[in-house]
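Enquirer: below are the sequence and a predicted model; questions follow.
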Amino acid sequence: MDITSIIAPLNDAQREAVTAPSQAMLILAGAGSGKTRVLVHRIVWQIQVNGLSPQSILAVTFTNKAANEMRGRVENLLDSSASSMWIGTFHGIAHRLLRRHAEQARLPKDFQVLDSNDQQRLIKRILADLKIDDKELPAKEVQWFINEKKDAALRSFHLVGNEDKNTRRFLRIYQEYEASCERSGVVDFSELLLRVYELFRDNDNILQQYQQRFSQIHVDEFQDTNHLQYAWLTLLSPNRDNIFVVGDDDQAIYGWRGAKIENIYNFKDHYPTHQTIKLEQNYRSSGAILKAANHIIANNKSRLGKELWTDLPDGEKISVYGAFSDVDEAKYVVDRIRSWVEEGNKRVDVAILYRSNAQSRQFEEQLMLTKTPYRVYGGLRFFDRAEIKNALAYLRLLANRHDDASFDRVVNTPTRGIGLKTIDELRQLANSQQISLWMAAQFLIEQKLLPNRAGNALFYFLDLIEQLAAKTAELPLGEKVQIVIENSGLMAFYGQDKVEKSAEKIENLKELVNAANLFKMDVNSDADISELSEFLSHAALESAESQANEFDDCVQLMTLHTAKGLEFRLVFLVGLEDGLFPSQQSIYDAGKLEEERRLCYVGITRAREKLYITHAEKRLLYGRETPASKSRFLRELPSELLEEVRPKREVSRPMTAKSSNFSITNLPKEMQSESSYRLGQRVEHESFGAGVILKMEGEGKTERALIKFSDDSRWLMTLYTKLHVI
DNA sequence: TTGTTCCAGCTTTTT
DNA sequence: GCTGGAACAA
């Protein structure tokens, strides 16, 4: 046994964490401080030094990517397969447990997973059935409510008798939703976790089996765990002495999705014999970048407290560019990328990070204009595309006729003459009899209760599914998928000329066949289910990114949320404006604002060598031009770390009287306004102090001026603002 | 029943 | 500015 390879690459704090005795351990790992490394080395340490068997290791993450990376690195260090370890996402592990114990969890053997889109569709349908106006009660809100309750381990019957008016409004829908899922044999994401929690809670023998099996429990990104995930861990570790959690409260950015940052704050109290180790040495970023990050996050009040440091030199200052518009901002960024590439650097090392997806457009446009290869993350994922979901819905119907969500989706896709009226009738019957749509359809056909045309069309559809099922029953998965796509008419449907991007859709369908061909059953899955069911679950649980271009040399575009866990040599943090980042909805809520600040901290710490921060004075928002001002986060950064980059094309520097005269006379006519103010004029505002007029727009009532004050520029309506010309 | 046009609405999204 | 859904006409 060679322990040097396990501990040699570690610094003191990391080594202390890895070699600590078995107990409750909280590793507070700052950005770039080697948290995955600590987890990986800890697992290998437990096996090679403490002699634990791989089966006794449980390691949970939030993303498939993180789980795969961890498994790979463990295998590397261990130099053997880690396939007998349970390393996976919370949802993946829940799924595996439920397959194993479907009966005790009161689930059908071949239950399927409903992703959040499916869930929303189902809720919409229920709202329609209950004649509730979608405008009055948006499906999204109901979905949010249901998931929130499930995350708190509350089923609809727990809420019966609840006096809260808001709760009563949702209760009926929640009940219908539960019943519908039950009938269809499907579980949504929250349900996966809740079922496992109930399985453990109600079946002592099963719980004990896993308590004994998992002698060491490892949790990644602990700050993102929700109530249910935490409850799970508590059940699995009754003595609270064998749990090794890694997290960073400063990077908790999923509170809006139910993550409970309190889980990490309260760890000390809930795990009395715990040890906390802080990893504060950062191996990623330059000194200047780290100082900025520390500075920002220090403004948050509720923190466990950590300060990153580095051996690396300060490096370049952070460049700040105040653009005139979103277009100007994009041009600037793309121009900087161009020189970066000209200096011989790679595009893959560059990331443009923004707060909301809509911001990517301007950058894409400029990148396209300059023919710079780029890749936008977080768009539609492969398994989320409509054509793929349709194909999967057919396959799901083959596996389970009573899957209402799938039935609903493809009964008339491609169109085959089954219209709203017929479907309405189906729903009514299904509702009143509490049966599946499939059964309702059978009944209506048998009893000849439908007009001829509709009845025939519906019969044709049921027959199609039965035929497909019979025909493909014995075929390998890939061929099954192939035949279903062909015979369902989907291939022909998407092949029509009038379908937009038809070539791409056909490609995707082919790719699905390909994926099915390559799909291998989980060797460890001892559950007795078909390959098809397993493939369908895989599609729901691992909605993999579209694979293409991954290895090309492209500039990376993504939201700040997506960027968590990644690093780039060169980072552009764009759109640092109040209302955008921090987002408008967060500005007046102290808690939300702190989460936004953590997001900013995450963004800054993605950069290794050089960070650019940009903001624009106006931008197109929802197709409308909107003025914007510098983000409070940008103003929180100390000026000695920053280097203001002056805009090139228009007046921006405060000018002396001499130079201002000069520049005004040289301005094109249309820019010389009739108003009492002029470009370059020095003015005084009663609260903002002295400033210089940089830009004018509009006239009369709509006239506004962009004025640069000592610490900020703002647009002011000249008619309504008292300005004294100096 | 199907295809078109018009209108409201809009963060972030691991599973 | 783009999307999804509802209200229309064919």
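Expert: Structure received.
Enquirer: tell me the contacts of the residue in the stretch 351-500 of chain A positioned nearest to DNA strand B?
Expert: Among residues of the stretch 351-500 of chain A, the one nearest DNA strand B by Cβ to the nearest atom of the strand turns out to be residue A:419. It sits 1.8 Å away. C-beta: built from backbone N, CA, C; applies to glycine. With contacts defined as Cβ atoms under 8 Å, 6 or more residues apart in numbering, residue A:419 is in contact with A:412, A:454.
Enquirer: against residue A:412, how distant is it?
Expert: For residue A:419, the distance to residue A:412 equals 7 Å [Cβ to Cβ, to the nearest Å].
Enquirer: same question, residue A:499
Expert: Separation of residue A:499 from residue A:412 (Cβ to Cβ): 16 Å.
Enquirer: the two: which is more packed in?
Expert: Just comparing residue A:499 and residue A:412: by other Cβ atoms under 10 Å the higher neighbour count belongs to residue A:412, 17 against 14.
Enquirer: quick check: pLDDT value at the more buried one.
Expert: Note on residue A:412: pLDDT of 88.
Enquirer: which element follows the helix-or-strand element of chain A with minimal mean pLDDT toward the C-terminus?
Expert: Among the helices and strands of chain A, helix A:657-665 carries the lowest confidence by mean pLDDT, DSSP states H and E, at a mean of 32. In the C-terminal direction, the helix or strand that comes right after helix A:657-665 (DSSP states H and E) is strand A:682-685.
Enquirer: what is the mean pLDDT for that following strand?
Expert: Averaging pLDDT residue by residue across strand A:682-685 gives 72.
Enquirer: can you check stretch A:295-304 too?
Expert: In this model, stretch A:295-304 has a mean pLDDT of 92.
Enquirer: endpoint to endpoint, that stretch covers what distance?
Expert: The first residue of stretch A:295-304 is 15 Å away from its last residue (Cα to Cα, to the nearest Å).
Enquirer: residues making contact with that stretch?
Expert: Applying Cβ under 8 Å, 6+ apart, the contact partners of stretch A:295-304 are A:28, A:249-250, A:261, A:264-265, A:594, A:597-598, A:600-601, A:604, A:633, A:636-638, A:641.
Enquirer: list only those of these flagged as buried.
Expert: When the contacts of stretch A:295-304 are checked for burial by 16 or more other Cβ atoms under 10 Å, the buried set is A:28, A:249-250, A:261, A:264, A:594, A:597-598, A:600-601, A:604, A:633, A:637, A:641.
Enquirer: filter the residues you listed down to the ones in helices?
Expert: Filtering those for membership in helices, criterion DSSP state H, returns A:264, A:594, A:597, A:598, A:600, A:601, A:604, A:633.
Enquirer: distance to residue A:336 and pLDDT for the residues you listed - can I get that in TSV?
Expert: Below are those laid out as TSV (distance: Cβ to Cβ, whole Å; pLDDT from 0 to 100):
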residue	distance to residue A:336	pLDDT
A:264	37	95
A:594	31	94
A:597	26	96
A:598	26	96
A:600	20	96
A:601	23	96
A:604	17	97
A:633	21	95
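Enquirer: quick revisit: which single one of the buried ones among the contacts of stretch A:295-304 is nearest to residue A:79?
Expert: Proximity of the buried ones among the contacts of stretch A:295-304 to residue A:79, judged by Cβ to Cβ, is greatest for residue A:28, which lies at 30.2 Å.
Enquirer: just the helices in the stretch 351-500 of chain A please.
Expert: For the stretch 351-500 of chain A, applying DSSP state H, counting those that start in this stretch gives helices covering A:360-369, A:386-399, A:404-410, A:420-433, A:437-446, A:452-472, A:477-487, A:490-495.
Enquirer: so what's residue A:430 closest to, chain neighbours aside?
Expert: In space, residue A:430 comes closest to residue A:440 once its chain neighbours are excluded; the distance is 4.1 Å by Cβ to Cβ, 6 or more residues apart in numbering.
Enquirer: how about the secondary structure of residue A:643?
Expert: When the structure is split into helix, strand and coil by DSSP: H, G, I helix; E, B strand; the rest coil, residue A:643 lands in strand.
Enquirer: what's the helix or strand for the residue in the stretch 51-200 of chain A positioned nearest to DNA strand C?
Expert: Proximity to DNA strand C, evaluated over the stretch 51-200 of chain A using Cβ to the nearest atom of the strand, is greatest for residue A:134 at 5.1 Å. Mapping residue A:134 onto the secondary structure by DSSP H and E places it in no helix or strand at all.
Enquirer: can I assume residue A:475 is in contact with residue A:483?
Expert: Yes - distance between residue A:475 and residue A:483: 7.1 Å, which falls inside the contact criterion (Cβ atoms under 8 Å).
Enquirer: so for those two, which sits in the more crowded spot?
Expert: Under the neighbour definition other Cβ under 10 Å, residue A:475 and residue A:483 were set side by side, and residue A:483 has more, 15 against 12.
Enquirer: can you report phi and psi for the closest residue to DNA strand C within chain A?
Expert: Ranked by Cβ to the nearest atom of the strand, the top residue of chain A for proximity to DNA strand C is residue A:623, at 2.4 Å. Here the main-chain torsion angles of residue A:623 (degrees, to the nearest 10) amount to phi 80, psi 10.
Enquirer: can you check residue A:497 too?
Expert: Dihedral angles of residue A:497 (phi, psi; degrees, to the nearest 10) stand at phi -60, psi -40.
Enquirer: what's the burial count for it?
Expert: As a burial measure, residue A:497 scores 5 neighbours (other Cβ under 10 Å).
Enquirer: over to the one 10 residues further on?
Expert: Residue A:507 is flanked by 14 other residues according to other Cβ under 10 Å.
Enquirer: can you tell me the element it falls in?
Expert: Applying DSSP H and E as the criterion places residue A:507 in helix A:502-518.
Enquirer: how far does that helix sit from the chain's center?
Expert: Mean-position distance between helix A:502-518 and its chain equals 25 Å (Cα atoms, centre = their mean, to the nearest Å).
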